[in-house]
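Q: I'd like to go over a predicted model; first the sequence, then the structure.
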Amino acid sequence: MALSEEEQRLLTQMEEALAAEDPKLASTLRGTTTRRLHRRRAAIAGVGFLIGIACLVGGMQVSPALSIVGFVIMLAASVVAITSWRHVGDAAASKPSVRSPQGEKAFMDKMEERWRRRQDEGQ
């Protein structure tokens, strides 16, 4: 069932008000999170880095200016990738952890026990 023009207009106004009031929530509801945005930027920067390598290598045969351009592209892509990847890590660190400290402790205890057994078997 389609919405009437009045209902569509009201829905649009509500969306705009939500976006103005709480941009983070509106972004999350749209599905474009900052983490996804930074991942995409990092991936594009990786492709840019590969293009820079191609220019660098191709410039060795064509002209030194192309090699310099390739190096600059690689440098810029590296900076963008590193800063974007740091933002991805920051977004992941801000999420609450679902692991309990007791579960991690039990894992470490198991690993220490295995290590002791191996040491005892070796002697």
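A: Done, it's in. These numbers come from a predicted model, not from an experiment.
Q: for the chain, which segments count as helices?
A: 5-21, 23-30, 34-61, 64-94, 101-122 (DSSP state H).
Q: list the residues that contact residue 71.
A: By Cβ atoms under 8 Å, 6 or more residues apart in numbering, the contact set of residue 71 is 52, 56. For the C-beta atoms, the positions are set from N, CA and C on the backbone; glycine is no exception.
Q: residue closest to the middle of the chain?
A: Nearest to the mean C-alpha position of the chain, by Cα atoms, centre = their mean, lies residue 39 at 3.0 Å.
Q: surely residue 65 is in contact with residue 56?
A: No - in this structure, residue 65 is not within contact of residue 56 by Cβ atoms under 8 Å, at 11.5 Å.
Q: between these two, which is the more surrounded one?
A: Per other Cβ atoms under 10 Å, whichever of residue 65 and residue 56 has more neighbours is residue 56, with 18 against 9.
Q: next up, the contacts around the nearest residue to the more buried one once chain neighbours are set aside.
A: Nearest non-adjacent residue to residue 56, counting by Cβ to Cβ, 6 or more residues apart in numbering: residue 70, 3.4 Å away. With contact set as Cβ under 8 Å, 6+ apart, residue 70 has these partners: 51-59.
Q: now with 6 Å, please.
A: 52, 55-56, 59 (Cβ atoms under 6 Å, 6 or more residues apart in numbering).
Q: isn't residue 48 right next to residue 77, touching?
A: Yes - using Cβ atoms under 6 Å, residue 48 is in contact with residue 77, at 3.6 Å.
Q: next, give phi and psi for residue 4.
A: phi -70, psi 170 (degrees, to the nearest 10).
Q: could you do residue 3 as well?
A: With angles defined as degrees, to the nearest 10, residue 3 sits at phi -80, psi 150.
Q: excluding sequence neighbours, find me the nearest residue to it.
A: residue 11 (6.9 Å).
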